[in-house]
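Asks: how would this look folded up:
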Amino acid sequence: MSITVVGSVAYDSIETPAGRRERCLGGAATYFSLSASFFCDVRKRSPVLMGVMFLLLVVGGVAHSQACGSGKSRQARTASLRQSGIAVLKAIAQKNTEGLLGYVDSSGIAFGPDKTTLSRADLRNQFTQREGAYCLFFSTACIPKMGRFKGLESDEFLSRWKISYFEWLILNKSHSIDVELEDDDGIRGCRGYFNADAGREMENAPSSIEFDFTFYKGRWWLVGTVAGVP
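Replies: So this is what the prediction gives:
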């Protein structure tokens with residue numbers, strides 16, 4: 001006996017007390033097919049099935065394209081992203097650790113291209129001990145040894161930073177700011193990218209500081225900091 005599955009396929013962002021994963025393959029058709037395959041043959045190449053699946057994917061894409069809003073609501077969300085990014089930079093410039101943590105997503109911050117994540121509790125502990133992530137954000141003096149701490153092993157991203165974000169801001173008081181919204185197809189459908197650019201090449205750091213945000217519960221939350229342009 002075989003069975004034909006008709007349903008949706010999508011990428012999901014999933015958050016549980018154990019952590020969060022972005023862009024996981026999901027959708028009713030995906031999970032139904034996997035479950036059914038233990039009991040019978042699942043038809044995967046039916047022309048009818050492929051036609052229906054194609055239509056479902058197109059409709060889903062249109063629906064999610066408005067995840068960040070449209071018109072004035074999108075403009076307002078863009079403005080609030082800019083304000084949130086500036087507030088994070090201000091907290092760093094003032095070495096206000098609690099102010100920075102106030103913008104951190106519950107699951108923590110992902111660092112670098114490998115997206116190694118430190119939880120909010122890990123961040124608070126490192127800020128208190130003035131080690132690890134504290135060095136990257138606030139203190140150039142301890143950067144040489146920050147790679148000894150969990151989640152911040154030296155990699156392509158961290159090796160570019162010979163100075164802290166704090167010192168970068170002192171050296172680049174005049175910097176440009178750019179923000180961008182992205183309509184994601186996950187549970188948290190609206191993502192935001194904030195970039196502070198020095199507009200010049202630097203020997204001891206990338207030319208920009210970049211933050212990833214996600215919008216939910218009516219506000220922007222900091223979820224990552226990625227490699228800037230070397």
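Asks: how about stretch 212-224 as PDB, C-alpha atoms only?
Replies: Output of stretch 212-224 as PDB, limited to C-alpha atoms (Å, rounded to 0.1, in the frame of the first residue of the first chain):
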ATOM      1  CA  ASP A 212      21.200  40.800  14.200                       C
ATOM      2  CA  PHE A 213      17.800  41.500  15.700                       C
ATOM      3  CA  THR A 214      14.500  39.700  15.800                       C
ATOM      4  CA  PHE A 215      11.100  41.300  16.300                       C
ATOM      5  CA  TYR A 216       8.500  39.800  18.700                       C
ATOM      6  CA  LYS A 217       6.500  40.700  21.700                       C
ATOM      7  CA  GLY A 218       6.200  44.200  20.200                       C
ATOM      8  CA  ARG A 219      10.000  45.100  20.200                       C
ATOM      9  CA  TRP A 220      13.400  44.200  18.800                       C
ATOM     10  CA  TRP A 221      15.700  41.800  20.500                       C
ATOM     11  CA  LEU A 222      19.400  41.300  19.900                       C
ATOM     12  CA  VAL A 223      20.200  37.800  18.800                       C
ATOM     13  CA  GLY A 224      23.600  37.900  17.200                       C
END
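Asks: Could I get the buried residue list for it?
Replies: Going by neighbour count (16 or more other C-beta atoms under 10 Å), the buried part of stretch 212-224 is 212, 213, 214, 215, 220, 221, 222, 223, 224. C-beta: built from backbone N, CA, C; applies to glycine.
Asks: any idea how far residue 122 is from residue 128?
Replies: 11 Å (C-beta to C-beta, to the nearest Å).
Asks: Which one of these two is surrounded by more residues?
Replies: A direct count of neighbours by other C-beta atoms under 10 Å for residue 128 and residue 122 places residue 122 higher, at 18 against 10.
Asks: Strands of the protein, start to end?
Replies: 2-4, 10-16, 19-26, 41-43, 109-111, 116-118, 176-183, 190-197, 208-216, 219-226 (DSSP state E).
Asks: tell me the mean pLDDT over the last one?
Replies: Put plainly, it is strand 219-226. Averaging pLDDT along strand 219-226 yields 89.
Asks: try stretch 103-110
Replies: Mean predicted confidence for stretch 103-110 is 88.
Asks: Check stretch 194-213 too.
Replies: 93.
Asks: okay, now the domains of the protein?
Replies: Per the record, the chain has its domains at 2-64, 71-226, by automatic domain parsing.
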